[in-house]
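J.: A predicted structure for the sequence below; I have some questions about it.
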Amino acid sequence: MEKKIVLITGATSGIGKATAKRFAKNGYDLILTGRRKDKLKEITNKLASKYAVDILPLCFDVRKHDKVKKALKSISGKWQNIDILINNAGLAKGFDPIHEGNIEDWEIMIDTNLKGLLYMTREITPLMVKAQRGHIINVASTAGKEVYPNGNVYCATKHGVDALTKAMRIDLHRHGIRVGQVAPGHVESTEFAQVRFHGDKKKAKIYEDFTPTNSKDIARVIYFIASQPKHVNIQDILVMGTQQASSNFIDRSGRI
Ligand code: NDP
Ligand code: 8X3
């Protein structure tokens, strides 16, 4: 029997990388994407040799529609039968109040978190509609459920993802396609904070006084969503570390 195929965007680090490992461990063949060729190669070699699965690495920037199209058009044979699309690539850039926000940071977040997710979805869903089956799991955020100081544009993009998950489900459920999302709070063992604070290591130390979830925890949740029987669609899972009650209430009295 042919193995199932999962396509994961942003598989070069953090949640995407941990999710790739989890699916490989469970015998899926993988299409892994990201911009960093060296990291893609490294993870491809590692998972393919450890778990004896086939992996197709595709290196492109999700913000560029022509590149997304070109990469997905290059897929042939069995790789076209994508069972699961995990729209994970995304980022926060900057942590400024709205009146001091950096326009370039805003463009990057909107282009990656919203337009990138849309480009991927637009290219892959026709294949799923044709096959009358498929599963899309978006990596949303608690920032798509509530807002917090200086989160402005990142929160807006993730509120957009939350809306798109619902809208995509309405458009696709009649075609046998499941659409759901995971909405995590803080997640460590990712490059998220480093990217948000433009590589400032000091500012990126945001998990020292509490224990958030980690990338493996979120990978486990994503795999749980993906591994339900086909008549069951998990629409949304909101998950935070025990010490985090909401975006704005975190017990920072020490790690547990
Ligand atoms: P990481 O920075 O570790 O991973 C982000 C991934 O996205 C990388 O693989 C990166 O790959 C990829 N990516 C970013 N921009 C692009 C682009 N333009 N084109 C293609 N790939 C891109 O962070 P996380 O693992 O934390 O982030 C994954 C998702 O989880 C994001 O959507 C984020 O918003 C969400 N999230 C994160 C939380 C957290 O606290 N960490 C909490 C809630 C949600 P490369 O650089 O190689 O292109
Ligand atoms: C990442 C979680 O709280 O930094 O989406 O927005 S948060």
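T.: Looks like it arrived, so ask away. Ligands and ions are numbered 1, 2, ... in the order given.

J.: which bits of this structure sit near ligand 1?
T.: 9-16, 34-36, 39, 61-63, 88-91, 112, 116, 139, 141, 184, 186-187, 190-192, 195, 215 (C-beta under 6 Å from any ligand atom). (Glycine included, C-beta is placed from N, CA and C.)

J.: dihedrals phi and psi, D29?
T.: D29 adopts backbone torsions of phi -80, psi 150, taken as degrees, to the nearest 10.

J.: the strands in the stretch 1-150 of the chain, which residues?
T.: 5-8, 29-34, 55-59, 84-87, 134-139 (DSSP state E, counting those that start in this stretch).

J.: tell me, which of the residues of the chain next to ligand 1 make contact with ligand 2?
T.: 141, 186.

J.: quick check, central residue of the chain?
T.: Closest to where the C-alpha atoms of the chain average out (C-alpha atoms, centre = their mean) is N88, at 1.3 Å.

J.: now do the same contact list for it.
T.: By C-beta atoms under 8 Å, 6 or more residues apart in numbering, the contact set of N88 is 8-11, 15-16, 19, 139.

J.: mind doing that once more with 6 Å?
T.: 8-10, 15-16, 139 (C-beta atoms under 6 Å, 6 or more residues apart in numbering).

J.: show me where the stretch 1-150 of the chain dips below the pLDDT cut-off.
T.: The stretch 1-150 of the chain contains residues with pLDDT under 70 at 1.

J.: which parts of it are helices?
T.: Here the stretch 1-150 of the chain has its helices, by DSSP state H, counting those that start in this stretch, at 14-25, 37-51, 65-73, 103-109, 117-131.

J.: buried deepest among those, which one?
T.: Using mean count of other C-beta atoms under 10 Å, the stretch among the helices of the stretch 1-150 of the chain with the largest mean neighbour count is helix 14-25, at a mean of 25.
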